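> below are the sequence and a predicted model for it; my questions follow.
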Amino acid sequence: MTEFAARTEGVRKLYGTGDARVTALDGVTVGIPRERFVAVMGPSGSGKSTLMHVMAGLDSPDSGRVHIGGTEITGLDDRGLTRLRRDRIGFVFQAFNLVPTLTALENITLPADIAGRGLDPAWLDEVIDTVGLRERLSHRPAQLSGGQQQRVACARALAGRPELIFADEPTGNLDSRSGAEVLAFLRRSVDEMRQTIVMVTHDPSAAAHADHVITLTDGRVLDQT
Ligand SMILES: Nc1ncnc2c1ncn2[C@@H]1O[C@H](COP(=O)(O)OP(=O)(O)OP(=O)(O)O)[C@@H](O)[C@H]1O
């Protein structure tokens, strides 16, 4: 076990060519400690989403290295990256991304069902209780509030017990009360269920729930607490 759930070393990522060339990440070295809640902050265009995508194996850097646990993922081919994301990483998106025709419970178990993998029933039970949606498991997304939908999405990310979860602006589409519920749930999943979470956010009040904050500016690390 390495001390970091994920880390980057000198990661550079460029987009476009010629005059349209943008340095999205300019030598980023960061570490995500295990069993911690880490926020990635910074102004629009500072590279937050790019950093998340590179760390999660959704995009590859032009140079530098990325590790998930003890695995260097830079250099894995598409199949290897797909397998890594499926088996070791959970995702939560701003737009919930639930399947409208499935119930809350079916949405939660969908990734495991697709992968043909069983879920640990005791763990699933704990996730459902922590997310506080036991009474609504048979509801479809349209019958749930935005905050409840996002809690379903969080439960879906947690259900497979991933090594770490990436959340991209998870409260971006929520009112402040629902946002606070989702943040409280993410916090509990770290404190009580020993999860590791990386959350991209613009919102300082969301980042205040985190143990550590990585601040980016112009594709560089301004601060890492
Ligand atoms: N696919 C792409 N093609 C071209 N340029 C891109 C692409 N993705 C990101 N960029 C550029 O890279 C830089 C960093 O973008 P990124 O989305 O990582 O920033 P961000 O901090 O997440 O911004 P926001 O808070 O607005 O989502 C920006 O200048 C952006 O325009």
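Right, received. Where do you want to start?
> isn't Met52 up against Phe166?
Yes: shown here, Met52 and Phe166 form a contact pair, counting by Cβ atoms under 8 Å, at 5.4 Å. Every residue, glycine included, has its C-beta placed from N, CA and C.
> what about the most centrally placed residue in the chain, helix or strand, and which?
Centroid-nearest residue in the chain: Phe166, 1.0 Å away (criterion: Cα atoms, centre = their mean). Using DSSP states H and E, Phe166 maps to strand 164-168.
> for that strand, what is the distance to the chain centroid?
Relative to its parent chain, strand 164-168 has a centroid offset of 1 Å by Cα atoms, centre = their mean, to the nearest Å.
> contacts only, for Met199.
Phe37, Val38, Ala39, Val40, Phe166, Ala167, Asp168, Pro170, Leu186, Ala206, Ala207, Ala210 (Cβ atoms under 8 Å, 6 or more residues apart in numbering).
> what's the closest of those residues to Gly132?
Within the contacts of Met199, the smallest distance to Gly132 is 12.8 Å, found for Leu186 (Cβ to Cβ).
> for the closest one, grab the count of nearby residues.
Residues near Leu186, counting by other Cβ atoms under 10 Å, number 27.
> so what's the residue nearest to the centre of the chain bridging to?
Counting by DSSP bridges, Phe166 is bridged to Phe91, Val198.
> quick one: contacts for it?
By Cβ under 8 Å, 6+ apart, the contact set of Phe166 is Met52, Met55, Ala56, Ile89, Gly90, Phe91, Val92, Ile197, Val198, Met199, Val200.
> need the strands for the chain, in chain order.
4-15, 22-33, 37-41, 63-68, 71-72, 89-92, 164-168, 197-200, 212-217, 220-224 (DSSP state E).
> quick revisit: identify the contacts common to Met52 and Phe166.
Residues touching both Met52 and Phe166 by Cβ under 8 Å, 6+ apart: Val198, Val200.
> show me which residues of this protein sit near the ligand.
Counting by Cβ under 6 Å from any ligand atom, the chain comes close to the ligand at 15-16, 22, 24, 42, 44-50, 202.
> out of those residues, which sit inside helices?
Using DSSP state H, the subset of the residues of the chain next to the ligand located in helices is Lys48, Ser49, Thr50.
> so what pLDDT did the last one get?
In other words, Thr50. Looking at Thr50, its pLDDT reads 95.
> how close does it get to Val11?
9 Å (Cβ to Cβ, to the nearest Å).
> so which of those two has more stuff around it?
Of the pair Thr50 and Val11, Val11 is the one with more neighbours under other Cβ under 10 Å, namely 27 against 23.
> nearest residue to the more buried one in space, please, no chain neighbours.
Gly64 (3.5 Å; Cβ to Cβ, 6 or more residues apart in numbering).
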